[in-house]
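Visitor: sequence and predicted model, in that order:
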Amino acid sequence: MTPDQLARIHAAAFRHDRGWSAQEFAELLASPFSHLFTQDAAFALTRTIAGEAELLTIAVDPDFQGQGTGRSLMDLWLRSLDGTAETAFLEVAVDNAPAIHLYTRVGFSVTARRAGYYLRKDSAAVDAVIMTKGLTLGHPRVSPD
Ligand SMILES: CC(C)(COP(=O)(O)OP(=O)(O)OC[C@H]1O[C@@H](n2cnc3c(N)ncnc32)[C@H](O)[C@@H]1OP(=O)(O)O)[C@@H](O)C(=O)NCCC(=O)NCCS
């Protein structure tokens, strides 16, 4: 998927936020730490640094939402982290119920909140929550005692 296609899907999916430009996508993709997962009209862009995996953005074209694509991209990303990361995290606007529902379904929980983090084109700024999921670097989790 080209940076232009990514920017088009992103702008369609994030109608109330500033879209990311093709140039921004090109720069992110050039990083050796970035990973792109794609499906028809949808993608997830992630980054793993020092054992911490971050979901930079996920976008499904509105015409394709609610058909399991977002879940499938999250599963692809999380499976790819087996043995390579200790933690996965992401930021999401508190009013983005579909995304928070999806992230909760795949095992993320809220660990912090940032006031007024998302600037909106047509309304007041919205808080962000940080959601985190513990991973095991490929080893089974054992209880501390
Ligand atoms: C959030 C997003 C990636 C989800 O992708 P999707 O393909 O629509 O989601 P899926 O069809 O895989 O559904 C995953 C779960 O979310 C639920 N869901 C999807 N859309 C929903 C909606 N509008 N309202 C409530 N729940 C919703 C589904 O029912 C499903 O839950 P279940 O497993 O309990 O049945 C997509 O809606 C999107 O691109 N939104 C705009 C961009 C965005 O907000 N990105 C995240 C920013 S952090």
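Guide: In hand now; what should we look at? Residues are numbered from 1 along each chain as shown.
Visitor: from here on, contacts and neighbour counts on C-alpha atoms
Guide: Will do.
Visitor: name the nearest residue to the residue nearest in space to the middle of the chain, sequence neighbours excluded.
Guide: With distances taken as Cα atoms, centre = their mean, the residue of the chain nearest its centroid is residue 55 (3.3 Å). Computed as Cα to Cα, 6 or more residues apart in numbering, the closest residue to residue 55 that is not its neighbour in sequence is residue 46, at 4.5 Å.
Visitor: output the helix or strand of the chain with the lowest mean pLDDT as CSV, nothing but the C-alphas.
Guide: Lowest on mean pLDDT, DSSP states H and E among the helices and strands of the chain sits strand 109-118, with a mean of 94. C-alpha atoms of strand 109-118 as CSV (Å, rounded to 0.1, in the frame of the first residue of the first chain):
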residue,chain,number,x,y,z
SER,A,109,-6.7,-2.1,29.5
VAL,A,110,-6.5,1.6,30.4
THR,A,111,-3.4,2.5,32.3
ALA,A,112,-3.2,6.3,32.0
ARG,A,113,-5.1,9.4,30.8
ARG,A,114,-3.9,12.6,29.1
ALA,A,115,-6.1,15.6,29.4
GLY,A,116,-7.0,17.6,26.2
TYR,A,117,-4.7,15.5,24.1
TYR,A,118,-6.6,15.3,20.8
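Visitor: now for it, which elements pack on it?
Guide: Packing partners of strand 109-118 (3 or more Cα pairs under 8 Å, 6 or more residues apart in numbering; DSSP states H and E): strand 126-134.
Visitor: list the buried residues for the strand it packs on?
Guide: Within strand 126-134, the residues that count as buried by 16 or more other Cα atoms under 10 Å are 126, 127, 128, 129, 130, 131, 132, 133.
Visitor: the residue nearest to residue 55 - how many residues pack around it?
Guide: 22 (other Cα atoms under 10 Å).
Visitor: which of the three states applies to it?
Guide: Here residue 46 is strand, with the state taken from DSSP: H, G, I helix; E, B strand; the rest coil.
Visitor: good, wrapping up.
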